[in-house]
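**Student:** build me a model from this:
(2 chains)
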Amino acid sequence: MTSEPLIRLCDVRKDFGPQIVLAGVSLEVRSGEAVALLGGNGAGKTTLLKIVATVMRPTAGQVRVAGRDAVRDAEAVRGQLGFVGHGAWVYDDLTAAENLRFWTALAGRPASEAEVGVALAAVELDRVSRARVRTFSAGMKRRLSLARLTLFSPAVLLLDEPFAGLDQRAKKWFEGHLEAFKDRGGALLMVTHSFDRELGVADRITILAGGRIALDTPRAGLDPDDLQRLYAAHAEDGA
Amino acid sequence: MTFARRALVVAWKDLLVERRSKETLNALLFFSLLLLFVFQFALGPDRERLAGVLPGVLWLGFILSALLALGRTFLIEREHDCWEGLLLAPGDKSAIYLGKLGANLLLMTVVETLVLALFVVFFDIDLGRAFPGLVLVVALGTVGLGAVGTLFAAMTAHIRAREVLFPVLLLPVQIPVLLATVKATEALLLGEPLGAAAHWVKLLAAADVVYVAVALLTFDVVLEG
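**Tutor:** Numbers count the residues shown, from 1 in each chain, chains lettered A, B, ... in the order given. Reported below is the predicted structural model:
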């Protein structure tokens, strides 16, 4: 018997008034699997991610996360999620350590000084742990938001362009973190525009175009040139 | 983690941010000072004329500074999409409301204390026996203003015309609080005992209970949008 996928979308639609953003998307992500979601601007990638994250409700269709309905049982689903969207979820006038302590305390799992120190060291922000985030660059804020992820143990990770703004060392560390997350049985859905090393962590490539899934294929065996070709054929033609 | 601890965490964060940035506090203090100067010049030294308008003047100062403070409550959550973080944090969302309300009440109390002190100096008023009663009326009025103001600040946080919409929504709902606070303050400043304004104080207390209860019950829906 196969277990239920950690993420399951069934014919999900999302309309903003007359504009149809998602026109019936079905997708599954299983335990230990990573899916990279590609597509042109306005293809609906972020909308799809926000629907799975329970930030947005679908117009129609079913979304299940970790075996629960993401619309009717959103609160229970939220306890299973790790989410990094476009915003870094940081307060400029708090220090890096205070930001992490705030989010963990609000989630009901206050992190100790040591845990916060380890999380900041992982993203090489330990030396500026007492500096206000206002003084950080965009990349440092991004790293801080990724450090937040390490303080939780979610079953599902939802990431919107998580590698954007990271330097090479931070990218390497984060790839390792995501591989370890998959090894622990987590499911990862990641929006990206990159065809480079970021896709290395993905087991499947899914291309969204025209509000539908234009391609869903295993990544194994595809080199960057193949991906470019597939993207041009499916995303750009379907957009 | 208990509901109260989550509320405290939110209040701690808001107050720490405000203590460091002083954005709201500085704006409120200068605004209140300016308001008192304008009233002083407009009303002049005529004691009889002053006695009739002082309660209204005092509460106008409180309300205008509260509008300024409350309207900014959720703006900080829009930066870097922190709103999403609040929404996705597991647990009862009304704890977030309570934390925000607590921080707002503390901030409003600081400003009101200063405005009241300046009010006494500017208009040469002897509060004397009225002081304990006035503290009670101001405290109840502040809770009423803060309770609805914090909820409506969340409702209008994502609206482009929020600066206009926020007071337009807030002030009609505040009519019972405004009426009761001004009338109770008037009675107290005229030297009447608190008992003479008991019916207004009861109205204030009842409005506070209703406002806070409704806000706690509906904040979840407001945050979800």
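
**Student:** can you name the residue of chain B nearest to chain A?
**Tutor:** Nearest residue of chain B to chain A (CB to the nearest CB) works out as B:Asp81 at 2.4 Å. From N, CA and C alone the C-beta is placed, and that goes for glycine too.

**Student:** now the residue nearest to that residue when sequence neighbours are not counted, what's its secondary structure?
**Tutor:** Of all residues not flanking B:Asp81 in the chain, A:Gly87 sits nearest, at 2.4 Å (CB to CB, 6 or more residues apart in numbering or on different chains). Put simply, A:Gly87 is coil when judged by DSSP: H, G, I helix; E, B strand; the rest coil.

**Student:** burial of A:Ala96, as a residue count?
**Tutor:** 28 (other CB atoms under 10 Å in any protein chain shown).

**Student:** doesn't B:Asp126 fall inside a helix?
**Tutor:** No - under three-state DSSP, B:Asp126 sits outside any helix and is assigned coil.

**Student:** got a pLDDT number for A:Gly186?
**Tutor:** Here the pLDDT value assigned to A:Gly186 is 94.

**Student:** same question for A:Asp237.
**Tutor:** pLDDT, read off for A:Asp237, is 56.

**Student:** now B:Phe31
**Tutor:** In this model, B:Phe31 is scored at 86, pLDDT.

**Student:** what do you get for the one 4 residues further on?
**Tutor:** The pLDDT attached to B:Leu35 in the predicted structure is 85.

**Student:** excluding its backbone neighbours, what's nearest A:Asn67?
**Tutor:** Wrong residue type there; residue A:67 is Gly, not Asn. A:Glu4 (5.5 Å).

**Student:** what about that neighbour, distance to A:Asp216?
**Tutor:** Distance, A:Glu4 to A:Asp216, using CB to CB, to the nearest Å: 18 Å.

**Student:** any stretches of chain B with poor pLDDT?
**Tutor:** Within chain B, the segments meeting pLDDT under 70 span B:1.

**Student:** residues from it in reach of chain A?
**Tutor:** Residues of chain B lying close to chain A by CB under 8 Å from any CB of the partner chain are B:1, B:5-6, B:9-10, B:13, B:16-17, B:20-21, B:76, B:79-82, B:84-91, B:96.

**Student:** which ones among the residues you listed lie within helices?
**Tutor:** B:5-6, B:9-10, B:13, B:16-17, B:20-21, B:76, B:82, B:84-88, B:96 (DSSP state H).

**Student:** just the C-alpha atoms of the longest helix belonging to chain A, please, in CSV.
**Tutor:** Longest helix in chain A by number of residues (criterion: DSSP H): helix A:168-183. The C-alpha trace of helix A:168-183 is given here as CSV (Å, rounded to 0.1, in the frame of the first residue of the first chain):
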residue,chain,number,x,y,z
GLN,A,168,27.4,30.7,-3.6
ARG,A,169,28.3,29.6,0.0
ALA,A,170,24.7,30.2,1.2
LYS,A,171,23.4,28.3,-1.9
LYS,A,172,25.6,25.3,-1.2
TRP,A,173,24.5,25.2,2.5
PHE,A,174,20.9,25.5,1.5
GLU,A,175,21.1,22.7,-1.0
GLY,A,176,22.6,20.5,1.7
HIS,A,177,19.8,21.5,4.1
LEU,A,178,17.1,20.6,1.5
GLU,A,179,18.7,17.3,0.7
ALA,A,180,18.8,16.5,4.4
PHE,A,181,15.1,17.5,4.6
LYS,A,182,14.2,15.1,1.8
ASP,A,183,16.2,12.3,3.4
